[in-house]
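**Q** all I have is the shape, not the residue letters:
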């Protein structure tokens, strides 16, 4: 079935550093792709989305581009802040299912 | 507009007990989902529904059951719980395809 793979392990970086979280997907057809963020003790919230190839989703300084040729949707931010510390999930909607990757814990150190 | 409401927020059960997690949404969404979240394992899909009267199994349906008698409600039934069902459970709803999914606050269940 459709699935999402995120890079392994937590990400720890200093404030104002560049953040990249890798996400690749396997799907039949052309799914919509999403990044969700989860703050401690809360449910997930949509960060950004892209619905077709070459679309770029962006929000709060975060960006991700839907790359059909590499089946990827990597998340980037040019200069992270302490408030960006959270867990980030890549997701796709396909075949009526909303499937998530394992998530990456991001810790930003002042 | 309440969004997605899940109850209860916390629950401790003994092995072999049963309970129902409630999920209600007021956005008239067709698609609803139940996930469990274990540490470091992301969200695993338990059951989902594409509309009232229609439900389907996800990745990890064993030990769970659902019903969808109305558009608004999508309860998750746990029968004869086991320690392996200790987890955080999330309900979500969406219009589908390219639209945002809204999540409840989660239910933290511990089975002892």
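**A** That came through fine. In this text, all values refer to a predicted model and were calculated from it rather than measured experimentally.
**Q** count of neighbours near residue B:6?
**A** Neighbourhood size, residue B:6 [other C-beta atoms under 10 Å in any protein chain shown]: 22. Every C-beta, even on glycine, is put in place using the N, C-alpha and C of the backbone.
**Q** which phi and psi does the residue nearest the centre of chain B have?
**A** Nearest to the mean C-alpha position of chain B, counting by C-alpha atoms, centre = their mean, stands residue B:34 at 3.1 Å. Backbone torsions of residue B:34, given as degrees, to the nearest 10, read phi -120, psi 130.
**Q** surely residue A:53 touches residue A:31?
**A** No. Judged on C-beta atoms under 8 Å, residue A:53 makes no contact with residue A:31 at a distance of 10.8 Å.
**Q** tell me the contacts of residue B:36?
**A** The contact partners of residue B:36, taken as C-beta atoms under 8 Å, 6 or more residues apart in numbering or on different chains, are B:43, B:44, B:46, B:60, B:85, B:87, B:88, B:89, B:90.
**Q** of the residues you listed, closest to chain A?
**A** Comparing the contacts of residue B:36 against chain A with C-beta to the nearest C-beta places residue B:43 closest, at 4.3 Å.
**Q** bridged to that closest one, which residues?
**A** Taking DSSP bridges as the rule, residue B:43 bridges to residue B:37.
**Q** retrieve the pLDDT associated with it.
**A** We have a pLDDT of 92 for residue B:43.
**Q** you'd agree residue A:83 is in a helix?
**A** Yes. Per DSSP: H, G, I helix; E, B strand; the rest coil, residue A:83 lies within a helix segment.
**Q** can you get me a residue count around it?
**A** 10.
**Q** can you check the one 5 residues further on too?
**A** Residues contacting residue A:88 under the criterion other C-beta under 10 Å number 23.
**Q** need the contact list for residue 37.
**A** Just so you know, I chose chain A. Contacts for residue A:37 (C-beta under 8 Å, 6+ apart) come out as A:44, A:45, A:47, A:86, A:87, A:88, A:89.
**Q** not quite, go with chain B.
**A** By C-beta under 8 Å, 6+ apart, the contact list for residue B:37 reads B:43, B:44, B:87, B:88, B:89, B:90, B:106.
**Q** that older thread, of the contacts of residue A:37, buried ones?
**A** A:44, A:47, A:86, A:87, A:88, A:89 (16 or more other C-beta atoms under 10 Å in any protein chain shown).
**Q** let me have the residues you listed in TSV, adding pLDDT and secondary structure as columns.
**A** As requested, those are exported to TSV (pLDDT from 0 to 100; DSSP: H, G, I helix; E, B strand; the rest coil):
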residue	pLDDT	secondary structure
A:44	91	strand
A:47	97	strand
A:86	96	strand
A:87	95	strand
A:88	97	strand
A:89	96	strand
